[in-house]
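**Student:** Provided below are the primary sequence and the corresponding predicted coordinates.
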Amino acid sequence: MYQSLALTVTVLGIALIVVVFLYFASSAREAPGDGPSRAARWRNGIFWVMLLSFIPITVYSLTLVPFPASVPAGGNPLVVDVVGRQWSWSMSRNRFAAGRPIEFHVRASDVNHGFAIYGPEMQVITQTQAMPGYTNVLRHTFTAPGTYQILCLEYCGLIHHAMKTTFTVVAATGTQL
Ligand SMILES: [Cu+2]
């Protein structure tokens, strides 16, 4: 949902820039008259519209920070160690039960990598950086069984595109995986 929202905002923003550019390009040869030109009045108007609309958007988006952890308080997460290297991932396990909170402890042994989990429909579910000398903790609770993929989101060398692995999420049963 946030991906399509970001896409919509980006496309609308680009369209706005194009419209404004075309307007000023077409009116650039107007003879200067008394007082501010039409272009200047438009520029001032757009400035105030942007300023007054971005202030409430900024205030609203700041109320969402910090984002709540995706593991409910008091949960008992399963810790999974993940190490990225040129050009593979190693995970301490690759089979999880749906509904069980997972805590990925992600690091790298050589250069920076991007640890991204893709769902069965190849959409990014969650991601973090895999860095040498630092462990990032990524919490996620899988709800749907299926085969998930881990791809590298940060160009890290010649065979970056092949840096992937898979893991399986099975339906929750009585026995915890
Ligand atoms: Cu990589």
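**Tutor:** Now that the structure is in, tell me what you want to look at.
**Student:** List the contacts of stretch 80-91.
**Tutor:** Outside stretch 80-91, the residues within contact range by Cβ atoms under 8 Å, 6 or more residues apart in numbering are 92-93, 96, 102-111, 113, 115, 130, 150, 152, 156-160, 162-165, 167. Yep, even glycine has a C-beta here, placed from its N, CA and C like the rest.
**Student:** Of the residues you listed, select the buried ones using a ChimeraX command.
**Tutor:** Here is the ChimeraX command that selects the buried residues among those (16 or more other Cβ atoms under 10 Å):
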select :96,102,103,104,106,107,108,113,115,130,150,152,156,160,163,167
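**Student:** of the contacts of stretch 80-91, list those near the ion.
**Tutor:** With Cβ under 5 Å from the ion as the criterion, the contacts of stretch 80-91 include 113, 152, 156, 160, 163 near the ion.
**Student:** what's the burial count for the closest residue to P145 other than its chain neighbours?
**Tutor:** Excluding its sequence neighbours, the residue lying closest to P145 (Cβ to Cβ, 6 or more residues apart in numbering) is A171, at 4.7 Å. Residues near A171, counting by other Cβ atoms under 10 Å, number 10.
**Student:** Ok, A172 next?
**Tutor:** 16.
**Student:** got it, and V170?
**Tutor:** Residues near V170, counting by other Cβ under 10 Å: 13.
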